[in-house]
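J.: okay, predicted coordinates and the sequence, questions at the end:
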Amino acid sequence: MSDLNKLTLSAARDGLRAGDYTSAELTEACLSAIEGAGALNAFVHNTPEIAREQAKAADARLAAGDAPAMCGLPIGIKDLFATKHAPTQAASAILEGFKPEYESTVTSKLFDAGSVMLGKLNMDEFAMGSSNETSTYGDVISPWRRGNEDTPLTPGGSSGGSAAAVSADLCLAATGTDTGGSIRQPAAFTGIVGIKPTYGRCSRWGIVAFASSLDQAGPMTKSVRDAAMMLETMCGHDMKDSTSADLPVPNFEAMLTGDIRGKKIGIPKEYRLDGTPDEIVKLWDDGAAMLKDAGAEIVDITLPHTKYALPTYYVIAPAEASSNLARYDGVRYGHRAKLAQGEGINDMYEKTRAEGFGKEVQRRVMVGTYVLSAGFYDAYYNKARKVRTLIKRDFEDAFAAGVDAILTPATPSPAFGLGEVSDSDPIQMYLNDVFTVTVNLAGLPGISVPTGLSSTGLPLGLQLIGKPWEEGDLLNIAHSLEGAAGFVSKPEKWW
Amino acid sequence: MSIDIDTARRVAKLARIRVEEDALPALAAEFNAVLGFIEQLSEVDVEGVEPMTSVTPQRLKRRKDGVTDGEMQDKILANAPDAREGFFAVPKVVE
């Protein structure tokens, strides 16, 4: 059978169990797709030896009738996850050559469940970016193009390599991480599904830290069913992450009943921004109509502090980043600058960090340093933490009034050309996360589902936001939306 | 609040990132753009609002204060740019 790499996770799982093909065959199909897709720059460290070994072990388990949930399924891993003895550098020059002696909790769970690792995926440096243009490995090129144009487009970011790889069928699914929209925005830009679970669902242990109070891992997949299946494997309590939730993980896939009758879906009026393209507004209205047809009740809601979410984020995230990234000092791992005669340890720190960090990372570390510095801590950092409380309270009020989930656009536009936004001031790039960043600040689960195409033929997605710990219900509503929208478009292969 | 070149120099120093003197004016301008954006927060009335400490209400788990891991000096030093005799090696710190 050809084109095994084009299968969804759930279809491949069923086919493996039925004996239609082996994990070795599935893995070879993906490895050759990766080999032919160098132009996308999605996979940056290939691990075919690990993949073939894991596939062989998976086939043995399948033959023995002892196959765990993800047995034999080839996936890609974002470069932010520590993978034992395999390059892990958060797309930064400062971690060049770093090979962890340990495995992140999330990847451990995926491998224990039988997944096959094809390699590490490109991303924005330290997950700071919305277009995958800040990576030390260079830009990721989206497999999608505007009509017949050959302008290279962004796959979004920061999980841009994951999005491009899944969309181009280089792997069946991929891991992503989301601090302000880094799973949901690239998923929307490339026509795939991406879910960020409730803060605390996935252990952060072994994931290179950006902003610890906002970071969450999640799956990026070809369908909502695949997202349910892979998320269940990634979740669960971990003593090594003090913010990891000690709650049972439900069987999310079993909750995809398609029945959403009586569910109350909120439409927040503050998300109707001036200047949002008509096609995004129409996509949103159409999505609400689809959920209504499926038996849900659509209600208008208000989230009054929405406009303060981005400025709040751009205090809290850089503040936490400046603290988290203090560890890159050239002493314990990664790059160390060459010193001139007579230079001391402070020169080593300063030169190492100037050489190792890219421009956007330097900017955020310094903004974070400033907002935490004596005299400004109250005015900026504490103020932002108070506004964050208000942003979360907006959602709590909506849920207390009976809303089950909230429907919004995932992004304010379709994917843009590489260089089109990054060449202007940084604020323009930050605005990409306007619909997603509130969800991280409130710690809620959010999912992006592809539901249509732009006038230029590019994917557009809608976001559903759920109640804390209610990923199962959220996935079920997303499943219903996915079925009604019937999005089946794929990028035409040019690479 | 506007950031001048002296403040930009001081912030770079605090962040331990070497910024050459001729790059400071551009850096100060970038800081001002970002700070101008976050200045919007001053409009929000936060009277009586608690600053968020944990996004999910939870009591951090406790465990016995005991040694649970260790004896892996070689692994800890494996990625060091310079390690000697079981230690991380750095340039001279004290004169």
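T.: Noted; the coordinates are in hand. Numbering: from 1, shown residues only, chains lettered A, B, ... in the order given.

J.: low-confidence ranges in the chain?
T.: Picking chain A for this. Across chain A, the ranges flagged by pLDDT under 70 are A:1-2.

J.: if you could check chain B rather than the one you did, that'd help
T.: Looking at chain B by pLDDT under 70, you get B:1, B:95.

J.: just the strands from it, written as ranges.
T.: B:83-84, B:87-88 (DSSP state E).

J.: so which residues make contact with the last one?
T.: It refers to strand B:87-88. A:331, A:332, B:77, B:80, B:82 (Cβ atoms under 8 Å, 6 or more residues apart in numbering or on different chains). The C-beta positions use only the backbone N, C-alpha and C, and glycine is treated the same way.

J.: want to throw those into a markdown table with neighbour count and distance to residue A:28?
T.: What follows is those, written out as a markdown table (neighbours: other Cβ atoms under 10 Å in any protein chain shown; distance: Cβ to Cβ, whole Å):
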| residue | neighbour count | distance to residue A:28 |
| --- | --- | --- |
| A:331 | 19 | 42 |
| A:332 | 16 | 38 |
| B:77 | 18 | 38 |
| B:80 | 18 | 38 |
| B:82 | 13 | 41 |
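
J.: ok, the residues you listed vs residue A:473, which is closest?
T.: residue A:332 (43.3 Å; Cβ to Cβ).

J.: A strand includes residue A:126, no?
T.: No: using DSSP: H, G, I helix; E, B strand; the rest coil, the assignment for residue A:126 is helix, not a strand.

J.: stretch A:483-495: end-to-end distance?
T.: In stretch A:483-495, first residue to last residue: 30 Å (Cα to Cα, to the nearest Å).

J.: list the buried residues in it.
T.: Buried positions in stretch A:483-495, judged by neighbour count with 16 or more other Cβ atoms under 10 Å in any protein chain shown: A:484, A:485, A:487, A:491.

J.: closest to chain B out of the residues you listed?
T.: residue A:485 (30.7 Å; Cβ to the nearest Cβ).

J.: for residue A:68, helix, strand, or coil?
T.: Recorded secondary structure, residue A:68: coil (three-state DSSP).

J.: tell me the contacts of it?
T.: Applying Cβ under 8 Å, 6+ apart, we find residue A:68 in contact with A:61, A:112, A:113, A:114.

J.: list the buried residues in the host helix or strand of the first one.
T.: This points to residue A:61. Residue A:61 is part of helix A:48-63, with elements assigned from DSSP states H and E. By 16+ other Cβ under 10 Å, the buried positions in helix A:48-63 come out as A:48, A:50, A:51, A:52, A:54, A:55, A:57, A:58, A:59, A:62.

J.: JSON lines please, covering those residues and showing distance to residue A:92.
T.: Listed next are those as JSON lines, based on distance: Cβ to Cβ, whole Å:
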{"residue": "A:48", "distance to residue A:92": "24"}
{"residue": "A:50", "distance to residue A:92": "22"}
{"residue": "A:51", "distance to residue A:92": "25"}
{"residue": "A:52", "distance to residue A:92": "29"}
{"residue": "A:54", "distance to residue A:92": "27"}
{"residue": "A:55", "distance to residue A:92": "30"}
{"residue": "A:57", "distance to residue A:92": "32"}
{"residue": "A:58", "distance to residue A:92": "32"}
{"residue": "A:59", "distance to residue A:92": "36"}
{"residue": "A:62", "distance to residue A:92": "38"}
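
J.: correct me, but residue A:123 touches residue A:76?
T.: No: the criterion here is Cβ atoms under 8 Å, and residue A:123 misses it with residue A:76 at 11.0 Å.

J.: please enumerate the shared neighbours of these two.
T.: A:161, A:162.

J.: more neighbours: these two, which one.
T.: residue A:123 (34 against 30; other Cβ atoms under 10 Å in any protein chain shown).

J.: so what's that one up against?
T.: Taking Cβ under 8 Å, 6+ apart, we find residue A:123 in contact with A:78-80, A:90-91, A:132, A:135, A:157-162.

J.: what residues of stretch A:338-352 count as buried?
T.: For stretch A:338-352, the neighbour count (16+ other Cβ under 10 Å) marks A:345, A:348, A:349, A:350, A:351, A:352 as buried.

J.: how about the helices of chain B, start to end?
T.: With helices called from DSSP state H, chain B shows them at B:5-14, B:24-38, B:73-77.

J.: between those, which one is nearest to residue A:276?
T.: helix B:24-38 (19.4 Å).
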